[in-house]
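# mind folding the following:
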Amino acid sequence: MKRCIYFHPHPVSDDPSIGSSLRPNKMLKAFRALGYEVAEVTGYSAERREKMRAVKKMISDGAEFDFLYAENTNDPVALADADHIPRHPFMDFSFFKYCKRHGIPVGLFYRDIYWKFPVFKSAASLPKRMVLTPLFRYDVMRYKKLLDVMFLPTEMMRQFVIPDINFAQLPPGGDPDPDTLSERLLRTPAADGKLHIFYVGSLTGYYDCKKLFEAVKMTGNVYLTACVPKNQWETVNGSYAPYMCDRIRIVHKSASELAPYYIEADIFACCLKNDPYLDMAMPLKLFESISYGTPVLATDIRSISEFVEENGIGWVTGCGAENIAAALERLKNDPAEISEKTKNTVTAAGKNTWRDRAARAAEILTEIKNTKYTKNTEDTKK
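Numbers count the residues shown, from 1 in each chain. Here you go, the predicted structure:
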């Protein structure tokens, strides 16, 4: 029987609405879809403590686990409870150590390294940073000692976390629907002479999209639908006013309501600005667009643009409004090229699912178990 431990220091939502909660949900479901009997160690600290006791009891009773896979959060482990009170600051690391002593390899997906970049300074006050930074550093120190492998969204992120740790890329995935992909292949892009593009996400900070809006305004017969949080739009719409036109539509929809917008779009826009922090980005929405067979227009930020070019799923342009506008102008007059990239995107959708990600993690951790750990762990249990 295949059996694994799944760790996440928050409750795993059955109906996740944001990327940080969606990935833990999708990975948990993917391991189960692969046939694993999953022992969950999830929830806030009190709940995790009880689940850890149950797993330890299983191990003491002779149950064998192939690996422990963990998804972290954007908070230090000690502060992962909803109120950020460090009730059991060392409990999780002790559990990781216990698993290793019993021949269970430990792998963890490290979500973000924002605390090493200027975004952290703008998002958190100095007193808050003085508390959080040492805790983040402590987490990284313990991970270096306890993890058999650290999973990262991009290779570039490695240099900012622990350069000499064993690591593997594990970007987001998607849930493609075969019927939707088949229909995508049958459609003619820009059939009405209009190029329809879609953007979903934030419009502030690193995700400022004014250049995209400006490019659309500059380019006739290009229509943009931007899905953004309602409260955010109410705050920033004044700064976007100079770049608005009647071909730009703003909508406020939840994650479960996005399918029609991906389906009606000829192109998904991933037009972010140049920044070392964004060079490491691999947005979940990028893979969501791929799962709908929607090709991608990306600006030349490193990890995203490399993925787009390597897989032939879209186009890369400069970050300036003129660069984006030139790309849009060319594409609206070349539906055959859009169709070609669409075919590649449909192919990529079948190779970048959440199940693929879970299978990759399981393969790596199982190989570590077979090569690094022995079946006889009696000595290490003492």
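
# phi, psi for the residue lying closest to residue 329 once chain neighbours are set aside please.
Among residues not flanking residue 329 along the chain, residue 219 sits closest, at 5.3 Å (C-beta to C-beta, 6 or more residues apart in numbering). Where you see a C-beta, it was placed from the backbone N, CA and C, and this is true even at glycine. Taking degrees, to the nearest 10, you get phi -120, psi 110 for the backbone angles of residue 219.

# tell me who's in contact with residue 219.
325, 328, 329, 332 (C-beta atoms under 8 Å, 6 or more residues apart in numbering).

# then residue 161?
110, 113, 140, 150, 152, 167.

# by neighbour count, which of the residues you listed wins?
residue 152 (26 neighbours; other C-beta atoms under 10 Å).

# how close does that one get to residue 300?
21 Å (C-beta to C-beta, to the nearest Å).

# over to residue 334?
Residue 334 is 20 Å from residue 300, by C-beta to C-beta.

# okay, these two: which has more neighbours?
residue 300 (17 against 14).

# secondary structure class for the closest residue to the more buried one other than its chain neighbours?
Spatial nearest neighbour of residue 300, chain neighbours left out: residue 316 (5.3 Å); criterion: C-beta to C-beta, 6+ apart. Here residue 316 is strand, with the state taken from DSSP: H, G, I helix; E, B strand; the rest coil.

# quickly list what residue 316 is bridged to.
As for beta bridges, residue 316 partners with residue 298 under DSSP bridges.

# secondary structure of residue 6: a helix, I assume?
No: applying three-state DSSP, one finds residue 6 to be strand, outside a helix.

# if you rank the contacts of residue 219 by neighbours, which is first?
residue 328 (26 neighbours).

# how far away is residue 173 from residue 358?
Distance from residue 173 to residue 358, by C-beta to C-beta: 8 Å.

# between the two, which contacts overlap?
What both residue 173 and residue 358 touch, as defined by C-beta under 8 Å, 6+ apart, is the set residue 30.

# tell me which element residue 14 is part of?
According to DSSP states H and E, residue 14 maps onto no helix or strand at all.

# average model confidence for stretch 188-195?
On average, the pLDDT along stretch 188-195 is 89.

# check the offset of it from the chain's centre.
Offset of stretch 188-195 from its chain centre (C-alpha atoms, centre = their mean, to the nearest Å): 31 Å.

# what does it contact?
Contacts of stretch 188-195 (C-beta under 8 Å, 6+ apart): 196, 221-223, 266-267, 328, 331-332, 335, 338-339, 342.

# run the last query once more with 7 Å
221, 222, 223, 266, 267, 328, 331, 332, 335, 338, 339, 342 (C-beta atoms under 7 Å, 6 or more residues apart in numbering).

# now do stretch 359-371
34, 66, 67, 69, 105, 107, 148, 149, 151, 168, 170.

# just flag the most distant two among these.
34 and 148 (19.3 Å; C-beta to C-beta).

# circling back: what is the nearest of the contacts of stretch 359-371 to residue 125?
residue 151 (31.1 Å).

# confirm that that closest one sits in a strand.
Yes: according to three-state DSSP, residue 151 belongs to a strand.

# any chance of the backbone angles for the residue lying closest to residue 265 once chain neighbours are set aside?
In space, residue 265 comes closest to residue 198 once its chain neighbours are excluded; the distance is 3.7 Å by C-beta to C-beta, 6+ apart. Main-chain dihedrals, residue 198, degrees, to the nearest 10: phi -130, psi 140.
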